[in-house]
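Enquirer: sequence first, then the predicted structure:
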Amino acid sequence: MIKTRDKFSSLGFVVAAAGSAIGLGNIWKFPYITFANGGGSFVLIYLIAIALIGLPIMLAEILMGRRSQQSPVTAFLYFSKDVAGGKLWSGVGFLGVAAGLVILSYYSVVAGWTVYYFGKCVQWSVSGFNETIASSLGTEFGSFLGNGPMQVLFHAIFMSLTVGIVISGIKGGIERVTKLLLPILMVILSLLCVVAMFTPGFGEAIRFLFHVGPIHTEAVLEAVGHSFFTLSLGMGALITYGSYLGRKQSIPRDALMICVLDTVIALMACVVMFSIIFSVPEAERATTFTKSATILFTTLPRMFYSLPGGVIIAPVFYLLVAFAALTSTISLLEVVASFLIDKLGWTRKKAALIAGGTIFSSGVLVALSLGANETLSTWAPFGERDAGVFGVLDYFASNWMLPVGGLLTAVFVGWFLDSKLTRDELEEGHGMFKLYGLWRFLLRYVCPVAICWIIIAVIGGRAFN
């Protein structure tokens, strides 16, 4: 028997699911990998990958959630009664829950950095940002990472915010907060785009972002990988959120809106970042932006304060990044909490507190692995490139848990679920789904092949982080 669950409003689901997808990957990682992979060529491949891989798997996950009205583990149990493999398929759900727990334990630590740098930018804007501060940004960031108590403190701040929102429930917590944060995020990013139009590097940034040049295999693999990771696929988040989706809502329409919002935010972030980056001399650009993704905290502040209005732009930007991170941490905790609610019958408050406390505790190890503790910082079972508890967890989740979870979900829905069931679910609240045949083809053939390519690349030494 399907039990009654809280429901998102028609707009609430799109906003919450888009918030889950929109995070540090959009504001931080996407501009970085776009810059490193040729700009417009990478963007074109990425858009194709979203359409052929990301969107089909998203539809599969949402339909599983709404049809079963369950979180990932019990959703797979619901569908697997009459299919080959039976209850073994629930392992895919457990993998998703475990991925949510692992990712949030280090994602919350990184999210805490955005709060710290928002505070630092407010301080610099009030007291003044000078060349001495600019020249010491890298050193200061390194010292901050190695400061164990500070890392734990800001990790605790972010986890406390996340737990408080999830405790408040679907409509009163997650929907209410994401309905507030996502529009604010869009407004802030839009204002930053307007500011970017008046920077010296705006024209060059636009040309770089939308000019299609030579396409390289490495860029294709990176685009395929990011199209999968950016939409919160393979971790059960969309199965969980789908279980709170009303029967009158259109899954295809909502999924398309989520993909569009996610992509638009990523491209807007590129416009802002590239306009600032292309406003500095090419020599400085080459030695900073291409060096490391940590430019968000070691290079951008100096660039912001070199612009007119930088005293406002800088803190506003880090507030934007913090909001984007929070909408993602909410969905990650909800995956774990919903499992405890559905599987163990716990109250939402108990589930959120215990899940949040467990994740916070594991996150402390992550927070101390950035230089504060030598043993935790040098642990490297997968090689020196992914050293430390932080690097190990990120490597394992991004390169194994998410791809394997996404692959098995695509195979399960595409090959094991009855076509009439999946068609009926996609057409519920939508009407005739004319692209059903194409969706099923992509899910059965294209998505598994693409994800297997990612996994083979990982086996060969490639790492997605």
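Expert: The structure has been received and is ready for your questions.

Enquirer: ok, and for the helix or strand harbouring residue 337, which residues are buried?
Expert: Residue 337 is part of helix 310-344 when elements are defined by DSSP states H and E. Neighbour counts using 16 or more other Cβ atoms under 10 Å place 310-311, 313-343 of helix 310-344 among the buried residues. Every C-beta, even on glycine, is put in place using the N, C-alpha and C of the backbone.

Enquirer: tell me how far it lies from the chain's centre.
Expert: In terms of Cα atoms, centre = their mean, to the nearest Å, the centre of helix 310-344 is set 9 Å apart from its chain centre.

Enquirer: same check on stretch 104-114?
Expert: Worked out by Cα atoms, centre = their mean, stretch 104-114 lies 12 Å from the chain centre.

Enquirer: what of stretch 46-60?
Expert: The chain centroid and the centroid of stretch 46-60 are separated by 15 Å under Cα atoms, centre = their mean.

Enquirer: what sits up against it?
Expert: Contact partners of stretch 46-60, identified using Cβ atoms under 8 Å, 6 or more residues apart in numbering, comprise 34, 223-224, 226-228, 230-231, 233-234, 238, 251-252, 255-256, 258-259, 263, 406, 409-410, 413-414, 422, 426, 439, 442-443, 446-447, 450-451.

Enquirer: touching, residue 464 and residue 454? I think so.
Expert: Yes - contact criterion Cβ atoms under 8 Å: residue 464 and residue 454 qualify, at 7.1 Å.

Enquirer: so what sits against both of these two?
Expert: residue 225.

Enquirer: the more surrounded of the two?
Expert: Ranked by neighbour count (other Cβ atoms under 10 Å), residue 464 and residue 454 place residue 454 first, with 24 against 21.

Enquirer: my guess is that one meets residue 225, correct?
Expert: Yes - the criterion here is Cβ under 8 Å, and residue 454 meets it with residue 225 at 5.3 Å.

Enquirer: which residues do the two both contact?
Expert: Joint contacts of residue 454 and residue 225 (Cβ under 8 Å, 6+ apart) are residue 464.

Enquirer: pull stretch 300-318 out as PDB, backbone CA atoms only.
Expert: Only the C-alpha atoms of stretch 300-318 are listed here, as PDB (Å, rounded to 0.1, in the frame of the first residue of the first chain):
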ATOM      1  CA  LEU A 300      38.900  36.000  -7.700                       C
ATOM      2  CA  PRO A 301      38.800  38.300  -4.700                       C
ATOM      3  CA  ARG A 302      41.800  40.200  -6.100                       C
ATOM      4  CA  MET A 303      40.000  40.400  -9.500                       C
ATOM      5  CA  PHE A 304      36.700  41.500  -7.900                       C
ATOM      6  CA  TYR A 305      38.400  44.400  -6.000                       C
ATOM      7  CA  SER A 306      40.200  45.600  -9.100                       C
ATOM      8  CA  LEU A 307      36.800  46.400 -10.700                       C
ATOM      9  CA  PRO A 308      34.600  49.500 -10.100                       C
ATOM     10  CA  GLY A 309      32.100  48.500  -7.500                       C
ATOM     11  CA  GLY A 310      34.200  45.600  -6.300                       C
ATOM     12  CA  VAL A 311      33.400  46.300  -2.700                       C
ATOM     13  CA  ILE A 312      29.800  45.300  -3.400                       C
ATOM     14  CA  ILE A 313      30.400  42.700  -6.100                       C
ATOM     15  CA  ALA A 314      32.800  40.600  -4.000                       C
ATOM     16  CA  PRO A 315      30.600  39.800  -0.900                       C
ATOM     17  CA  VAL A 316      27.500  39.500  -3.100                       C
ATOM     18  CA  PHE A 317      29.300  36.900  -5.300                       C
ATOM     19  CA  TYR A 318      30.200  34.700  -2.300                       C
END
